[in-house]
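Colleague: Got a predicted structure plus its sequence, pasted below:
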Amino acid sequence: MDGIVLLGDNINKIVVTTQERKKEREKVTEAQFEISRLNLQAAQEQKEAKLLEAYNNLLVRDTSHMSEEAKASQEKILHPRNYLVQMMKHEISVEHNNS
């Protein structure tokens, strides 16, 4: 009878240990998911910052030595509508990646 009781106790310990390990693995998985989410958010913010930096660099670029064609091209790029389209594309891709 003692052997059966010991066996039952050991089985209960195994079950408890297995459940604890499962909970720990779930915590690790949740932490990894959160880290991945934050890394994605940081990457998206860096991308947006680079886009803004590039736009600002174009705004302050000296155009006095540019050809008329180059000036027209830059004006087209800098047109607020074109910039807004790029930002909207960026926002759509961010929303899509977050869903």
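Modeller: Structure's in. What do you need?
Colleague: Off-centre distance for the helix or strand hosting residue 6?
Modeller: For residue 6, the enclosing helix or strand under DSSP states H and E is helix 2-60. Taking C-alpha atoms, centre = their mean, to the nearest Å, one finds helix 2-60 lying 14 Å from the centre of the chain it belongs to.
Colleague: For the helix or strand that that helix is followed by, name the packing helices and strands.
Modeller: The helix or strand immediately downstream of helix 2-60 is helix 68-78, counting by DSSP H and E. Where contact means 3 or more C-beta pairs under 8 Å, 6 or more residues apart in numbering; DSSP states H and E, helix 68-78 is packed against helix 2-60. In this view, the C-beta of every residue, glycine as well, is placed from N, C-alpha and C.
Colleague: at 10 Å instead, please
Modeller: helix 2-60, helix 80-98 (3 or more C-beta pairs under 10 Å, 6 or more residues apart in numbering; DSSP states H and E).
Colleague: ok, of these, where does mean pLDDT dip lowest?
Modeller: Comparing mean pLDDT across these, the lowest value falls on helix 80-98: a mean of 62.
Colleague: Reformat the helices and strands packed on helix 68-78 as JSON lines; add mean neighbour count and distance to residue 68.
Modeller: JSON lines is the format used below for these (neighbours: other C-beta atoms under 10 Å; distance: least, C-beta to C-beta, whole Å):
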{"stretch": "helix 2-60", "mean neighbour count": "10", "distance to residue 68": "17"}
{"stretch": "helix 80-98", "mean neighbour count": "11", "distance to residue 68": "19"}
